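J.: This is a predicted model, with the sequence first.
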Amino acid sequence: MKPKLKSYCINDLGYSGTLAIPRDLISTIETLAPPNKDQISVFMESYTGHHGLLYLHPIDTGGQEQDIRKYYLNCQYSVRGGRPKRNKGIPQPQQLLVILSTGIGEVTLDCRVDFLFLKRSQRKTLMNLPLTPWTIPKMPFNRINGIHVAKMNGKESEYEVVLDVVPKTSVWVSIRFRYQSTIDNHMSEKVIEKALSICSLFVSQEEADAESKGC
């Protein structure tokens, strides 16, 4: 499915990880998207207000005859203006995800989702930003507009959040986390759902504006 980033006030979405792909699927993938000179298979799509790019390339040094080979997958979607571009001859990311869904087990993905809320008056942040800094002599700034926080699970990071505020204008939230899932055609939606659950801990909509639409 094509992610509708604008519906969630998302500017950018990305996920990446290492996959162990069976040889029969590799053949199918390379027929659909022949690797370029750098051994990268490229998938791309443009639709109203959005652009998506996914690339896949081998990361092991084994030969083509291996039953299973390790590949690195990187998928990015972003909000863009203008008319959708026609990418003649280039398959779409969803086509690869459908193929992978037939033979890939659960994987761990590194995810990043950036939100931009332009209607500042409708958003309430967990911390009342901007902050007035503590008193330290000769400090080269006098206001803290943002914070970078993390939730740790032992030595592992469960998620990291960068929260930045432009007073009376906008709230920008960048979230990074690891996500375990099987690969399928709904990957972007799964990542968005997880990111929304984290974002809601740091940014909420004012009750008086709860029914209003838009970012």
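T.: In hand now; what should we look at?
J.: tell me what the helix or strand hosting Ile175 is packed against?
T.: Secondary structure from DSSP states H and E places Ile175 in strand 170-182. Packing partners of strand 170-182 (3 or more CB pairs under 8 Å, 6 or more residues apart in numbering; DSSP states H and E): strand 106-117, strand 156-166, helix 187-199. Glycine gets a C-beta too; all of them are placed from N, C-alpha and C.
J.: who does Leu116 bridge with?
T.: Trp172 (DSSP bridges).
J.: Is it in contact with Cys215, as I believe?
T.: Yes - between Leu116 and Cys215 there is a contact at 6.7 Å, judged by CB atoms under 8 Å.
J.: can you list residues touching both of the two?
T.: Cys9 (CB atoms under 8 Å, 6 or more residues apart in numbering).
J.: Go through the strand holding Ile175 and flag the buried ones.
T.: Applying a neighbour-count criterion of 16 or more other CB atoms under 10 Å, one finds 171-177, 179, 181 buried in strand 170-182.
J.: what does stretch 22-37 give?
T.: Applying 16+ other CB under 10 Å to stretch 22-37 flags 25-26, 28-29, 33 as buried.
J.: among those, which are in strands?
T.: Judged by DSSP state E, strands contain none of the buried residues of stretch 22-37.
J.: In CSV, list these along with distance to Arg123 and pLDDT.
T.: Listed next are those as CSV, based on distance: CB to CB, whole Å; pLDDT from 0 to 100:
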residue, distance to Arg123, pLDDT
Leu25, 43, 93
Ile26, 46, 92
Thr28, 45, 95
Ile29, 42, 96
Ala33, 40, 95
